[in-house]
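Asks: Have a look; sequence and predicted model below, questions after that.
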Amino acid sequence: MTSIPLIGEAVAVAAEPRLAGAKIGVVTFPGTLDDRDAARAVRLAGATAVPLWHADSELGDVDAVIIPGGFSYGDYLRAGAISRFAPLMSKIIDAANSDAKLPVLGICNGFQILTESHLLPGSMIKNDHLKFICRDQTLRVENANTAWTVDYTDGQEIIVPLKNQDGQYIADEKTLDALEAEGRVVFRYVGFNPNGSRRDIAGISNAAGNVVGLMPHPEHAVETGFGPESLDGTGGRDTDGLGFFTSVLTKIVGGDK
């Protein structure tokens, strides 16, 4: 079936010849909401989006994987707890931990799935105010050396949409200290902590930097005219999330920092 763009045509903004063959898998679970948005962001970055179904037994020849947001399996038990046992997740876990270190990005519910899968430490619980929240959120890039952040700079502030109910990141103090010491806090909330996450953590990585999870949604900030504005009303921030998707392409073709 032909994919129908949500708004206009998905014209690649970084479609260099060397990126043309890159294939990024986008996983869909029952209850996933943002898979089409993630696929569109991949296409805008210049790569090919490959749909992956949770019950698939093989990953195929994808160069990276995105686990998008939503409410997989209705968030029953805990958010992401059931998805962790999907057949495809065992393949993703093996590939992420292999010598090849497949890049994996978990967004919102995808982040929750990555913690449940133990690809990332800690856990996600209800927001401290016990309400769903949706807003444009300022983040500070704390580590611009992961597979998903090399097109940013350390200390850069970006604005991307946030929407979650189980977005409070928690871990014991030993784990939090290790994340800080090892540079594995990738994003931090700036100006306002929307969910009570420990140490204002919005996103983290594994030790190798190929697996990244975050609660905000960069795939909703990839097109001029359809993303968030700057909080002071001056505009110009609607593509702040595109760097996630161009970063992994930079990583794939060997343009590491």
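Replies: Sure thing, it's come through.

Asks: pLDDT value on C108, please?
Replies: On pLDDT, C108 comes in at 96.

Asks: wait, it sits on D35?
Replies: No - judged on Cβ atoms under 8 Å, C108 makes no contact with D35 at a distance of 11.9 Å. Glycine gets a C-beta too; all of them are placed from N, C-alpha and C.

Asks: Can you name the residues that contact the residue nearest to L242 when sequence neighbours are not counted?
Replies: Spatial nearest neighbour of L242, excluding adjacent residues (Cβ to Cβ, 6 or more residues apart in numbering): V222 at 4.5 Å. Counting by Cβ atoms under 8 Å, 6 or more residues apart in numbering, V222 makes contact with 40-41, 44-45, 239, 241-242, 245.

Asks: can you tell me which of these are in helices?
Replies: The helices, defined by DSSP state H, take in 40-41, 44-45, 242, 245 from these.

Asks: Which one of C108 and D35 is surrounded by more residues?
Replies: C108 (29 against 22; other Cβ atoms under 10 Å).

Asks: now for the strand or helix carrying P51, which elements pack on it?
Replies: Here P51 sits within strand 48-53, counting by DSSP states H and E. Secondary-structure packing of strand 48-53 (3 or more Cβ pairs under 8 Å, 6 or more residues apart in numbering; DSSP states H and E): strand 23-28, helix 35-45.

Asks: what mean pLDDT does the first one have?
Replies: Read it as strand 23-28. 97.

Asks: Show residues contacting it.
Replies: 35, 38-39, 42, 47-54, 59-68, 88, 92, 110, 245, 248.

Asks: make it 7 Å
Replies: With contacts defined as Cβ atoms under 7 Å, 6 or more residues apart in numbering, strand 23-28 is touched by 35, 38-39, 42, 47-54, 59, 61-68, 88, 248.

Asks: C-alpha coordinates for it, PDB please?
Replies: What follows is strand 23-28 as a C-alpha-only set of coordinates in PDB (Å, rounded to 0.1, in the frame of the first residue of the first chain):
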ATOM      1  CA  LYS A  23      17.400   2.000   5.500                       C
ATOM      2  CA  ILE A  24      15.900   2.900   8.900                       C
ATOM      3  CA  GLY A  25      13.400   0.400  10.300                       C
ATOM      4  CA  VAL A  26      10.300   1.800  12.100                       C
ATOM      5  CA  VAL A  27       8.600  -0.600  14.500                       C
ATOM      6  CA  THR A  28       4.900  -0.800  14.900                       C
END
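
Asks: Show me the strands in the stretch 51-200 of the chain, by range?
Replies: All strands of the stretch 51-200 of the chain, identified by DSSP state E, counting those that start in this stretch, fall at 64-67, 104-107, 123-125, 133-141, 157-164, 168-170, 185-189.

Asks: would CSV of those with distance to A202 and mean neighbour count be doable?
Replies: Formatted as CSV, these follow (distance: least, Cβ to Cβ, whole Å; neighbours: other Cβ atoms under 10 Å):
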stretch, distance to A202, mean neighbour count
strand 64-67, 17, 28
strand 104-107, 11, 29
strand 123-125, 12, 20
strand 133-141, 5, 19
strand 157-164, 8, 21
strand 168-170, 8, 22
strand 185-189, 4, 23
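
Asks: Out of those, which is closest to D151?
Replies: Among these, strand 133-141 comes nearest to D151, with 10.1 Å by Cβ to Cβ.
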